[in-house]
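A.B. asks: Mind folding the following:
(3 chains)
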Amino acid sequence: MSQRWPAVREIAEHASLAAPETSQAAEASAVEPRPEELRLIEAVLFAAAEPVDEKALTKRLPPGTDVRASLKRLALEYAPRGVNLVRIGNAWAFRTANDLAWLLTHEAVEPKKLSRAAIETLAIVAYHQPVTRAEIEEIRGVAVAKGTLDVLLETGWIRPRGRRKAPGRPLTFGTTEAFLSHFGLEQLSDLPGLDELKGAGLFDGQLPASFSIPAPSDDPALHEDEEPLEAPELDLGLAPRPDASPDACG
Amino acid sequence: MSQRWPAVREIAEHASLAAPETSQAAEASAVEPRPEELRLIEAVLFAAAEPVDEKALTKRLPPGTDVRASLKRLALEYAPRGVNLVRIGNAWAFRTANDLAWLLTHEAVEPKKLSRAAIETLAIVAYHQPVTRAEIEEIRGVAVAKGTLDVLLETGWIRPRGRRKAPGRPLTFGTTEAFLSHFGLEQLSDLPGLDELKGAGLFDGQLPASFSIPAPSDDPALHEDEEPLEAPELDLGLAPRPDASPDACG
Amino acid sequence: MSGDAGQFLDEAVDRASDEPALIVDVEGFEGPLDLLLTLARQQKVDLTRISILALADQYLAFIEAARKLRLELAADYLVMAAWLAFLKSRLLLPEGGEAEGMSAAEMASALALRLKRLEAIRAAAGKLMERPQLHRDVFPRGDPEPIAEIKRPEWSATLYDLLSAYAVERQRHALSHVRVAKRAVWSLAEARAALGRLVGSASDWTELNGFLLAYAIEPAMRSTVFASSLAATLELVLEGVLDVHQPAPFAPIHVRKRANGPGPTGLPADSERL
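C.D. replies: Below is the predicted model:
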């Protein structure tokens, strides 16, 4: 036993050797010296791979240690710190403070490319807004997958802006400020018109005479054939940015 | 940014919510409240499995935090405790106090037994770095078995750091952060017995002029007589840590 | 000489007495320098004041003894023996006036320095290994809390992507919308409903074309109406609503309501009539 539990004096010598600053620090912060068992419990709980229960802790500490009282004192000491001593069932462990979870996350930016369908849908929303899903489908000639709209909502570049006054009252979509800033547009009317697109060689000229593209506008004011989104139905579980959608009701 | 760093007030609220005892404890022990950044640093260092370097720490903390000063204060606070904050090169980590090994036999892992040749070779690399294999052999007066270097590279304590600008362009070896961490050294100049070795002027003798090293240095910057490892030859299949070697090419 | 050698060999053996394998294995020494250092320690004086001459004698005697015992000696040991024999002869000769190379005294002190250096690094190695070591004496956090990785997607697309996607999309449909005039096609469902309505009014064989022509006013629609109706007719036959009859290839097709058939399904007009 005596081998396992170095005499208190010995421990104290070790401690002061290891940390010459100790004495001043201790004097400054507390009148009575900090009991050695607190150091021991700190070390055991820190090094343990899992929470240690009181029985196991008692076994590892010098006989006669009031483990329960020491744990309570330690818990109190650590409560204001970034690391807390917490009780988990009958066992104890150090854990980083709950309110600091944000600090222990690493936000990695993951660059992602939009799918072709998403870009096409986005372009149609941009030029034809306010536009419903059915109208997008009519222009594209294929169904718009739900995932495509979800992704676009996630980018924060489109938003539901109202409802069409039509059977089923479908949502109308429009672009956001984030859309303008991502694509370097000062205003939506900076999107090139038909002549400019032709000039850029994006249309090959075999267009019917009646072909036109709309002059896009993202004026948040609802159109005549739109009505506002109702507050409860706003919660689509889709809107990515809490700050993006509220404007829609404004 | 504002999203990432909750307002100080918010943190304070969280903290007092999480630990209602805080206020009394804080009042009792200190006049001025403990700065929030100490909590943050505690949490990050406690959570980490490996030492965290000051740069990485600075990135995780609110801009403007004096990380160095906070670390010093924390180290002082923890010095009398069972868990100490120690500096390892440019990194910091919590470790159980040196004098408590007897308490933690439970956690101890049987260390890999190094041969006498490996221990001596490690010491020569540590005290004489950067050092080539030929120079190690000259000091020991005997050939260094390839297995000896392999064993040391496997521990992650030494690494090839460059090539000596000399015929044959031999590899130069140096120690790693893991070496400092394993032996609890703050920096290489804390190597035990270094003064005796230096004082005795033992590094001159018959060694080439380039080998007369005033002080060992694990500064990853190459010495005048070193040149970088080439990328292809870097892949020795020996280097234990992928993050240790690239510095060598810096 | 040989007596000396035996004594030193014995001492060398004593040194390794806890490692029996080393008794006959001179390789138990970490090379000739290690052997020299071991022998030098027996002089129990500062290495810088050691008698290199005496040391050379001891080394040579050790090697001699080892050879008598027929121990295999590594070349390193023999090279050192040769060098020491040379040094010894130089040391024993009166210092001449030869200025070439190192003097015997310089060679001797260089050797002493090498021994001292080896001893010093060994002492340092010992101190290093006595330091508290991680996972043996000091411990890191046993249960680290991993940093949670939160991946935030950052979407990217260029204005060019956007505009070209729009142009391609619009162009594709601009052309298809214009060129493909909507064809008037009688769907199967339409034909079937029409047939059901018509057949319900006749119970004897009726020429199919008669019904169809009555229905299909526009001549342009005749072929599509005919095709759809025929298909619908066959389906109704399959369901047991109609009988169909064609006397000869390309002859007019006659249909009639089956005598006790269920009647065309889903057509309220018919069920009323039944």
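A.B. asks: Might you report the residue contacts of A:Trp92?
C.D. replies: By CB atoms under 8 Å, 6 or more residues apart in numbering or on different chains, the contact set of A:Trp92 is A:Leu45, A:Pro51, A:Val52, A:Asp53, A:Glu54, A:Leu57, A:Leu71, A:Leu85, A:Val86. C-beta coordinates here come from the backbone N, C-alpha and C atoms, glycine included.
A.B. asks: Name the nearest residue to C:Leu128, sequence neighbours excluded.
C.D. replies: Closest residue to C:Leu128 apart from its sequence neighbours, by CB to CB, 6 or more residues apart in numbering or on different chains: B:Ala123 at 5.7 Å.
A.B. asks: And for the helix or strand hosting the one you found, what's in contact with it?
C.D. replies: Per DSSP states H and E, B:Ala123 falls inside helix B:116-128. Residues outside helix B:116-128 that contact it (CB under 8 Å, 6+ apart): B:114, B:131, B:135-136, B:139-140, B:144-145, B:148-149, B:151-152, B:157-158, B:173-175, B:179, B:188, B:191, B:194, B:197, B:203, B:211, B:213, B:216, C:30, C:121-122, C:124-125, C:128-129.
A.B. asks: ok, and for it, which residues are buried?
C.D. replies: B:Ala117, B:Ala118, B:Ile119, B:Glu120, B:Thr121, B:Leu122, B:Ala123, B:Ile124, B:Val125, B:Ala126, B:Tyr127, B:His128 (16 or more other CB atoms under 10 Å in any protein chain shown).
A.B. asks: Out of those residues, flag the one nearest to chain A.
C.D. replies: Using CB to the nearest CB, B:Ala126 comes nearest to chain A of these, at 22.3 Å.
A.B. asks: any idea how far A:Glu107 is from that closest one?
C.D. replies: 39 Å (CB to CB, to the nearest Å).
A.B. asks: same thing with A:Gly82?
C.D. replies: From A:Gly82 to A:Glu107 the distance is 20 Å (CB to CB).
A.B. asks: Ok, A:Arg73 next?
C.D. replies: From A:Arg73 across to A:Glu107, the span is 37 Å (CB to CB).
A.B. asks: What of A:Leu100?
C.D. replies: Using CB to CB, A:Leu100 is found at 15 Å from A:Glu107.
A.B. asks: Which one's more surrounded, the two?
C.D. replies: Set A:Leu100 next to A:Glu107 and count neighbours by other CB atoms under 10 Å in any protein chain shown: A:Leu100 wins out with 24 against 13.
A.B. asks: Skipping its backbone neighbours, what lies nearest the more buried one in space?
C.D. replies: Computed as CB to CB, 6+ apart, the closest residue to A:Leu100 that is not its neighbour in sequence is B:Ala43, at 4.4 Å.
A.B. asks: Now for residue 94, which secondary structure element holds it?
C.D. replies: All of this refers to chain A. In this assignment (DSSP H and E), A:Phe94 forms part of strand A:91-96.
A.B. asks: look at chain C instead
C.D. replies: Per DSSP H and E, there is no helix or strand for C:Pro94.
A.B. asks: One more: A:Glu77?
C.D. replies: Per DSSP H and E: helix A:67-78 holds A:Glu77.
A.B. asks: and if you look at A:Gly174?
C.D. replies: Secondary structure from DSSP H and E places A:Gly174 in strand A:171-175.
A.B. asks: low-scoring pLDDT stretches of chain A, where are they?
C.D. replies: Applying pLDDT under 70 to chain A flags residues A:1-32, A:205, A:231-250.
A.B. asks: what is the most centrally placed residue in it paired to in the beta sheet?
C.D. replies: Residue closest to the average C-alpha location in chain A (CA atoms, centre = their mean): A:Glu107, at 7.9 Å. Counting by DSSP bridges, A:Glu107 is bridged to C:Ile150.
A.B. asks: wait, doesn't it sit right on C:Ala148?
C.D. replies: No - with contacts counted by CB atoms under 8 Å, A:Glu107 stays clear of C:Ala148, the gap being 9.6 Å.
A.B. asks: on that earlier part again, how far off centre is the helix holding B:Ala123?
C.D. replies: Computed by CA atoms, centre = their mean, to the nearest Å, the chain-centroid distance of helix B:116-128 equals 17 Å.
A.B. asks: Give the next helix or strand downstream of that helix.
C.D. replies: Heading C-terminal from helix B:116-128 (DSSP H and E), you reach strand B:131-132.
A.B. asks: For that next one, give me every contacting residue.
C.D. replies: With CB under 8 Å, 6+ apart as the criterion, strand B:131-132 contacts B:Ile124, B:Val125, B:Arg164, B:Ala166, B:Pro170, B:Leu171, B:Thr172, B:Phe173, B:Gly174, B:Phe211.
A.B. asks: among these, which ones are buried?
C.D. replies: Buried residues within these, counting neighbours by 16+ other CB under 10 Å: B:Ile124, B:Val125, B:Arg164, B:Pro170, B:Leu171, B:Thr172, B:Phe173, B:Gly174, B:Phe211.
A.B. asks: In space, what's closest to the first one - neighbours in sequence excluded?
C.D. replies: On the basis of CB to CB, 6+ apart, the spatially nearest residue to B:Ile124 that is not a chain neighbour turns out to be B:Ile136, at 5.0 Å.
A.B. asks: And what about the one you found, helix, strand or coil?
C.D. replies: Taken by DSSP: H, G, I helix; E, B strand; the rest coil, the conformation at B:Ile136 corresponds to helix.
A.B. asks: Next, count neighbours for it.
C.D. replies: By other CB under 10 Å, neighbour count at B:Ile136 equals 23.
A.B. asks: so who does it touch?
C.D. replies: Counting by CB under 8 Å, 6+ apart, B:Ile136 touches B:Thr121, B:Ile124, B:Val125, B:His128, B:Val144, B:Phe173.
A.B. asks: roughly how far apart are the residue nearest to the centre of chain A and C:Gln133?
C.D. replies: When distance is defined by CB to CB, A:Glu107 is 36 Å away from C:Gln133.
A.B. asks: Which elements pack onto the longest helix seen in chain C?
C.D. replies: The longest helix of chain C (DSSP state H) is helix C:104-130. If you count contacts as 3 or more CB pairs under 8 Å, 6 or more residues apart in numbering or on different chains; DSSP states H and E, helix C:104-130 packs onto helix B:116-128, helix B:133-140, helix B:194-199, helix C:32-41, helix C:52-68, helix C:75-92.
A.B. asks: deepest of the ones you listed, which one?
C.D. replies: Highest mean neighbour count of the helices and strands packed on helix C:104-130: helix B:116-128, a mean of 23 (counted as mean count of other CB atoms under 10 Å in any protein chain shown).
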